[in-house]
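**Student:** sequence plus the predicted model coming up.
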Amino acid sequence: MSEEAVQAATEAVETSAEPEDVSYQAVEKDGAVTAIWEMQGQKHLRTIDPRSNEGKQILALFETAA
């Protein structure tokens, strides 16, 4: 394999690296969930209200997984 082919293959692997998985963190105050943070690695993507439909679905998934 030529040097150019090796370099092109290396660049393709580096640029196609998969992004980190999205995770959710519950923010609690006095034992109640006040917010859900959607995270990608250490980056905060958005805050979800736990009273919203999406927030209720996420909390229900968490409770069934425990």
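**Tutor:** That came through fine.

**Student:** chain neighbours aside, what residue packs nearest to the residue most central in space within the chain?
**Tutor:** The centre of the chain sits closest to Val22, judged by C-alpha atoms, centre = their mean, with a distance of 1.2 Å. Excluding the flanking residues, the one nearest Val22 by C-beta to C-beta, 6 or more residues apart in numbering is Gln40, at 5.3 Å. Every residue, glycine included, has its C-beta placed from N, CA and C.

**Student:** and the one you found, how many neighbours?
**Tutor:** Here the number of neighbours of Gln40 (other C-beta atoms under 10 Å) works out to 12.

**Student:** next, it: phi, psi?
**Tutor:** As for Gln40, its main-chain torsions (degrees, to the nearest 10) stand at phi -130, psi 100.

**Student:** measure it to Glu54 for me?
**Tutor:** Noted for Gln40: a distance of 17 Å to Glu54, by C-beta to C-beta, to the nearest Å.

**Student:** contacting residues for the residue nearest to Val22?
**Tutor:** Contact analysis of Gln40 by C-beta atoms under 8 Å, 6 or more residues apart in numbering lists Pro19, Glu20, Asp21, Val22, Ser23.

**Student:** so it bridges to which residues?
**Tutor:** Gln40 has these beta-bridge partners by DSSP bridges: Val22, Lys43.

**Student:** likewise Val33?
**Tutor:** Glu28.

**Student:** show me what contacts it?
**Tutor:** Contacts of Val33 (C-beta under 8 Å, 6+ apart): Ala26, Val27, Pro50, Leu59.

**Student:** one step back: I'd say the residue nearest to the centre of the chain and Met39 touch.
**Tutor:** Yes - counting by C-beta atoms under 8 Å, Val22 touches Met39, with 7.0 Å between them.

**Student:** where does the protein have low pLDDT?
**Tutor:** Flagging of the chain using pLDDT under 70 yields the residue ranges 1-18, 66.

**Student:** 50 instead, please
**Tutor:** 6, 13-16 (pLDDT under 50).

**Student:** so where do the helices sit in it?
**Tutor:** Counting by DSSP state H, the chain has helices at residues 3-15, 53-65.
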